[in-house]
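K.L.:
sequence first, predicted model second:
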Amino acid sequence: QVQLVESGGGSVQAGGSLRLSCTTSGRTFNNYGMGWFRQAPGKEREFVAFVSWSDGSAYYGDAGKGRFTVGRDQAKNTVYLHMNRLKPEDTAIYFCAHQAGGSTVVGEAAYDYWGQGTQVTVSS
């Protein structure tokens, strides 16, 4: 079992920044990674970013390109999502997820464990 706990969400004005954290416990594998997704009201969950545990390499979806940076701290079993120049359209619940294995990182099916989510609200 893997447990994931997100934190760092909140309310911020447009142009501001937030740093989300996702702390993992239980079984994890160094050769897999962690993903960040978000789901806005009335919309499907979308891929934001992925980071590899082993070498920290990152991959971004359209939602995360340009303004977001994903990272990890192996010693703390924690992954981060730094979000800058936030916009009202970034308002969503943000989830971290544990990659089940393989090379696919974009789709939800690539992940086997999910956190409970943390709310991010950006006001104009």
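P.N.:
Perfect, thanks for sending it.
K.L.:
got the residue ranges for the strands in this structure?
P.N.:
Residue ranges of the strands in the chain, as given by DSSP state E, are 2-7, 10-13, 18-26, 33-39, 46-52, 58-60, 68-73, 78-83, 92-99, 111-114, 118-123.
K.L.:
in the longest one, which residues are buried?
P.N.:
Neighbour-count burial for strand 18-26, counted by 16 or more other C-beta atoms under 10 Å, picks out 18, 20-24. Where you see a C-beta, it was placed from the backbone N, CA and C, and this is true even at glycine.
K.L.:
give me the distance between residue 51 and residue 73.
P.N.:
10 Å (C-beta to C-beta, to the nearest Å).
K.L.:
go on, residue 18?
P.N.:
Distance of residue 18 to residue 73, computed by C-beta to C-beta: 17 Å.
K.L.:
kindly report the same for residue 52.
P.N.:
Taking C-beta to C-beta, one finds residue 52 at 13 Å from residue 73.
K.L.:
one step back: in TSV: the strands of the chain, plus distance to residue 105 and mean pLDDT.
P.N.:
Output for the strands of the chain, formatted as TSV (distance: least, C-beta to C-beta, whole Å; pLDDT from 0 to 100):
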stretch	distance to residue 105	mean pLDDT
strand 2-7	16	93
strand 10-13	27	98
strand 18-26	15	94
strand 33-39	6	97
strand 46-52	4	97
strand 58-60	6	96
strand 68-73	11	97
strand 78-83	13	97
strand 92-99	7	96
strand 111-114	9	93
strand 118-123	20	98
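K.L.:
make JSON lines out of the buried residues of strand 18-26 and add distance to residue 36.
P.N.:
Below are those laid out as JSON lines (distance: C-beta to C-beta, whole Å):
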{"residue": "18", "distance to residue 36": "12"}
{"residue": "20", "distance to residue 36": "7"}
{"residue": "21", "distance to residue 36": "11"}
{"residue": "22", "distance to residue 36": "8"}
{"residue": "23", "distance to residue 36": "14"}
{"residue": "24", "distance to residue 36": "13"}
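K.L.:
show me which of residue 51 and residue 73 is the more surrounded one.
P.N.:
residue 51 (24 against 12; other C-beta atoms under 10 Å).
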